[in-house]
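Participant: Sequence and computational prediction follow.
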Amino acid sequence: MEILACVKRVPMVGGKIVVTADGQDVDTRMSGFTVSPHEECAVEEAVRLVERHGGSVTVLTLGPPAAADQLRDMLALGASRAVLLETDGREWGPIATADAIVAAVRARAGQEGAAGDAGCPYDLLLFGNEAADTGDYQVGVRVAHLLGLPCVTGIKNLDVTMSAGSADGEAAESAAGARARARREYRGTEEIFDIPLPAVVSVKEGINLPRYPSLPGRLRAKRASIEESAPEWHPEGLRKERLRVPPGETKRAEVLGTGADAVPALVALLDELGVLS
Amino acid sequence: MTVLCLAELDGDAVADVSLRALTFARALAGSVATPAGTSMAGEAGPGGGEGGVGAAGAGGRVAAVVFGRADGVPVAELSAYGVADAYAVESPQLTGYAPQAWARALAELAEEVSAAAVVAAGTDRGHEVLAHLGAISGLPMVANCASAEASADGTLRLVRHRWAGSLLEDAVLDAAPALLTVAVDAVTPAAADAFVATRVHAGRPALGEADLRVAAVESAERSGGASLATARVVVGGGRGVGGPEGFGALEELAGLLGGVVGVSRVVTSEGWRPHKQQVGQTGTRISPELYLACGISGAIQHMAGCLSAKHIVAVNTDPDAPIISHADYAVIGDLKEVIPALVAAIRARDGSRQ
């Protein structure tokens, strides 16, 4: 099966978040970048599905030229093809992002030409449920609508069933008639969705535990070529004025003591809070 | 202005998260338009922020959408929250939750009531349904808003959460209707000052085949112990625990305090504990009376999951760890020394009282 996994490059933020002087971005001079957590799990899930069912994983990102680093990280996990939709560094909204991803998917379908029923070149398009930074919760859904595909979000468990191949010697497993069974949490119970492929699925961290890249994987990723294109940005009705850290964030804890000597004070506190029986 | 709000149900009642969304919707419907650029949306850090949430102001109206039978609409609650009209959406085709069908129904109703905004709680369903509505209508959808206020020029001034609430964005939205989800931990549910009689209407959306392609087919009860999200005490463990074998003492302490163990992201990334125990932006949001955070540095992604904890006590070797500036109390020391001593002290105390 052919899988597209879309990822976002986000700042690696630790104990403190700092905004640039113009209030437009997170200050990343002291931090690195990483792949947004849900999306790393999307790539891991894609690689596992391909290990089970055959096929290949394409990883795609929309971001500045340096986002190639994150694509290489994902190639090292087992993706075999990487697509960079290059921006000039400005922030893209979810509508423009979805439009650019859909254009890239259609371009891929065009390259494959005769292969398709004018359909989707991927059996599955995986997204993270929401990006760690902007948390827009919608790029996958918008892509699904533009491509006319079914879509589920918030998924923590995914099973794909390929249909058995026909008797006339075709591949043992075929994506035609394939379905996915996707589960997510809902108020302490589980919701289960059974959907036909191709489909868009947005996943959450916890669906798997991403592997550490192997050394051969990393070497292969370093040498791999990345397909680049530069889609056009467009505005979309929401204008960011400024970013700011919420007020009242910094307090300082009252220190009860050091080491085991603090235990009597700690017990007294727990008693005061009413958590001791 | 009319604001249409999706009301999710929890059993027979309106879910708490949707009461927050209704509170937000009422404030928006009643917000007084001021000349553009002269008003700031309210300060809306986690835990506070809704302004003017009495009855929706002159010309302001809140309509609610409930998926289910008209006779199951929780009218008393909706009245208390200032809902003038409730639409019960019922369809023989809609047997379970179906995100695109729900969005189609909302789109139809938004047009029917000439909604200036459509609002839902920032839950899995709320985000998902409004994302579909955004895609169907080609309009922007703004997730996790802490406050919204109408300007005279017809735009909305918004404050929204980024980084799960660790960062705020001031923004202006120029779209009609405005599609917003509500950052539920930024709004306190508040009933309206004045009683509003809720009229109940039955809605029968025109659904296409594609709208029904995705529907929840089964909802099986899952077994599980005390839930992390609702636990009264959470004993947290981070990198400082040192490895999977270090959690025994924390489990023992949690047991003594009638609580559960929660962990930081590094712990689940290392595979020391299962992801369902993770507290934070990509895990579970907790709201205990006491969060005892042991060996946790306090990355913002972790703290985003603890915004609703009443009291935070940190046990950490580093007096300059970020957690110290989020905690109410701290013990500076190694959890491997402090926690067993605490367990022994609690046991001794319990023993001497018997």
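Facilitator: Yep, it's here. For clarity, every value in this text was computed on a predicted model and none was experimentally measured.
Participant: May I have the strands that pair with the lowest-mean-pLDDT helix or strand in chain A, each with its orientation?
Facilitator: Least confident helix or strand of chain A, by mean pLDDT, DSSP states H and E, is strand A:173-186 with a mean of 85. Its sheet considered, strand A:173-186 pairs with strand A:157-164 (antiparallel), strand A:189-196 (antiparallel) by DSSP bridges.
Participant: need the contact list for the nearest residue to B:K276 once chain neighbours are set aside.
Facilitator: Of all residues not flanking B:K276 in the chain, A:G206 sits nearest, at 6.8 Å (CB to CB, 6 or more residues apart in numbering or on different chains). For glycine as for every other residue, the C-beta is placed from the backbone atoms N, C-alpha and C. Residues near A:G206 by CB atoms under 8 Å, 6 or more residues apart in numbering or on different chains: A:41, A:156, B:268, B:275-276, B:278, B:282-283.
Participant: which two in these are spaced the farthest apart?
Facilitator: Greatest spatial distance among the contacts of A:G206 (CB to CB): A:C41 and B:K276, at 14.2 Å.
Participant: Please identify the helix or strand for the residue most central in space within chain A.
Facilitator: Of all residues in chain A, the one closest to the mean position by CA atoms, centre = their mean is A:E39, 1.9 Å from it. A:E39 is part of helix A:37-53, with elements assigned from DSSP states H and E.
Participant: after that helix comes which helix or strand?
Facilitator: From helix A:37-53, the next helix or strand downstream (DSSP H and E) is strand A:56-63.
Participant: Surely B:E90 is in contact with B:R204?
Facilitator: Yes. Taking CB atoms under 8 Å as the definition, B:E90 is a contact partner of B:R204 at 6.8 Å.
Participant: between those two, who's got more neighbours?
Facilitator: Under the neighbour definition other CB atoms under 10 Å in any protein chain shown, B:E90 and B:R204 were set side by side, and B:E90 has more, 18 against 13.
Participant: what's the nearest residue to that one if we skip its chain neighbours?
Facilitator: Counting by CB to CB, 6+ apart, the residue nearest B:E90 is B:R69, at 5.7 Å.
Participant: Count the neighbours of the one you found for me.
Facilitator: 11.
Participant: Kindly report the same for A:G55.
Facilitator: By other CB under 10 Å, neighbour count at A:G55 equals 19.
Participant: For it, which residues are in contact?
Facilitator: A:1-3, A:49, A:123.
Participant: so where do the strands sit in the stretch 101-250 of chain A?
Facilitator: Assigned by DSSP state E, counting those that start in this stretch, the stretch 101-250 of chain A shows strands spanning A:124-128, A:151-155, A:157-164, A:173-186, A:189-196, A:199-203, A:227-229, A:238-244.
Participant: which helices and strands sit right next to the shortest one?
Facilitator: When contacts are defined as 3 or more CB pairs under 8 Å, 6 or more residues apart in numbering or on different chains; DSSP states H and E, strand A:227-229 sits against strand A:81-86.
Participant: Which residues outside the strand it packs on are in contact with it?
Facilitator: Counting by CB under 8 Å, 6+ apart, A:56-65, A:67-68, A:71-72, A:74-75, A:100-101, A:104, A:224, A:226-231 sit against strand A:81-86.
Participant: before we move on, the earlier item: ok, so of the contacts of A:G55, who is nearest A:L149?
Facilitator: Checking these one by one against A:L149 (CB to CB), the nearest turns out to be A:D123, at 10.4 Å.
Participant: Verify the stated contact: that closest one with A:A178.
Facilitator: Yes. Proximity of A:D123 to A:A178 meets the contact threshold set by CB under 8 Å, at 6.3 Å.
Participant: what touches both of the two?
Facilitator: A:1, A:197.
Participant: Pairing-wise in the sheet, spell out the partners of the closest residue to A:T134 other than its chain neighbours.
Facilitator: Nearest in space to A:T134, with sequence neighbours left out and distances taken as CB to CB, 6+ apart, is B:R162 at 5.9 Å. For B:R162, the beta-bridge partners are B:L167 (DSSP bridges).
Participant: Which one of A:C41 and B:K276 is surrounded by more residues?
Facilitator: Taking neighbours as other CB under 10 Å, A:C41 and B:K276 compare with A:C41 leading, 27 against 16.
Participant: Could you state which residue of chain B sits nearest its centroid?
Facilitator: Geometric middle of chain B (CA atoms, centre = their mean) lands on B:V184, at 3.5 Å.
Participant: Pull the contacting residues for whichever residue of chain B sits closest to chain A.
Facilitator: For chain B, the residue closest to chain A is B:P322, as judged by CB to the nearest CB, at 2.9 Å. Residues in contact with B:P322 (CB under 8 Å, 6+ apart) are A:14-16, B:297-300, B:303.
Participant: Could you turn the buried ones of those into a PyMOL selection?
Facilitator: Per 16 or more other CB atoms under 10 Å in any protein chain shown, the buried members of those correspond to this PyMOL selection:
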select buried, (chain A and resi 15+16) or (chain B and resi 297+298+299+300+303)
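Participant: export the contacts of B:P322 to JSON lines and tack on distance to B:H311?
Facilitator: JSON lines is the format used below for the contacts of B:P322 (distance: CB to CB, whole Å):
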{"residue": "A:G14", "distance to B:H311": "24"}
{"residue": "A:G15", "distance to B:H311": "20"}
{"residue": "A:K16", "distance to B:H311": "22"}
{"residue": "B:S297", "distance to B:H311": "19"}
{"residue": "B:G298", "distance to B:H311": "15"}
{"residue": "B:A299", "distance to B:H311": "20"}
{"residue": "B:I300", "distance to B:H311": "20"}
{"residue": "B:M303", "distance to B:H311": "14"}
